[in-house]
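Q: After the sequence you'll find the predicted model.
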Amino acid sequence: MSDDGVQNYDNHYRWLPLWHFFVLPIFAINVIVSLVQLAKGPSVGTAWSAVVAIALATAIFYARYMPLRVQDRAICLEETLRLEHLLPDRHFEIEKLTPDQLIGIRFASDAEIPHLFDRVMSGELSTRDDIKRSVQHWRSDQLRA
């Protein structure tokens, strides 16, 4: 994400350098090293090391995955409320949106919502990525997990 706070499709991903380029690779390499050691010299000790390495890698994955799912739920609620405010007569259509569509639409400005919503409801835009690529006036989201 850019330091100046201006966000768009190209820079909206949140990269945490220590997490993405140090912690995750170290845990992945640890699993591989443990499995190689197990293959070269099977024993209770190397088997246990491999199991622990896999358990740690799984725990680290879920330590990131679970907060992201909670964030997605919060975004869905926030966007549903926002859409109901901006499109008060379209409640039943809003309920048909998938979580991915709600997450994609969150970056659209309020003025852009009616047209973008119509495109989603017509089936022209269906995926989170399709919707985000279609946003013309980006609404930054700097409060992400």
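A: Arrived safely, thanks for sending. These numbers come from a predicted model, not from an experiment. Numbers count the residues shown, from 1 in each chain.

Q: what about the residue most central in space within the chain, distance to Ile26?
A: What sits nearest the mean C-alpha location of the chain, by C-alpha atoms, centre = their mean, is Leu68, with 6.2 Å. The spacing between Leu68 and Ile26, counted by C-beta to C-beta, to the nearest Å, is 20 Å. (Each C-beta comes from the backbone N, C-alpha and C, glycine too.)

Q: what about the longest helix in the protein?
A: helix 44-86 (DSSP state H).

Q: list the helices and strands that helix packs on?
A: helix 24-40, helix 91-94, helix 99-105, helix 113-121 (3 or more C-beta pairs under 8 Å, 6 or more residues apart in numbering; DSSP states H and E).

Q: Roughly how far does the closest residue to Leu86 other than its chain neighbours sit from Arg73?
A: With sequence-adjacent residues excluded and distances taken as C-beta to C-beta, 6 or more residues apart in numbering, Leu86 is closest to Ile113, at 5.0 Å. Ile113 is 21 Å from Arg73, where distance means C-beta to C-beta.

Q: Disregarding residues adjacent in the polypeptide, which is nearest to Trp138?
A: That would be Asn8: by C-beta to C-beta, 6+ apart, it lies 5.0 Å from Trp138.

Q: no wait, Glu79
A: Leu102 (4.3 Å).

Q: got a list of what that neighbour touches?
A: 75-76, 79-80 (C-beta atoms under 8 Å, 6 or more residues apart in numbering).

Q: Top of these by number of neighbours, please.
A: Glu79 (21 neighbours; other C-beta atoms under 10 Å).

Q: Would you mind listing the residues in contact with that one?
A: For Glu79, the contacting residues are 102-103, 105-106, by C-beta under 8 Å, 6+ apart.
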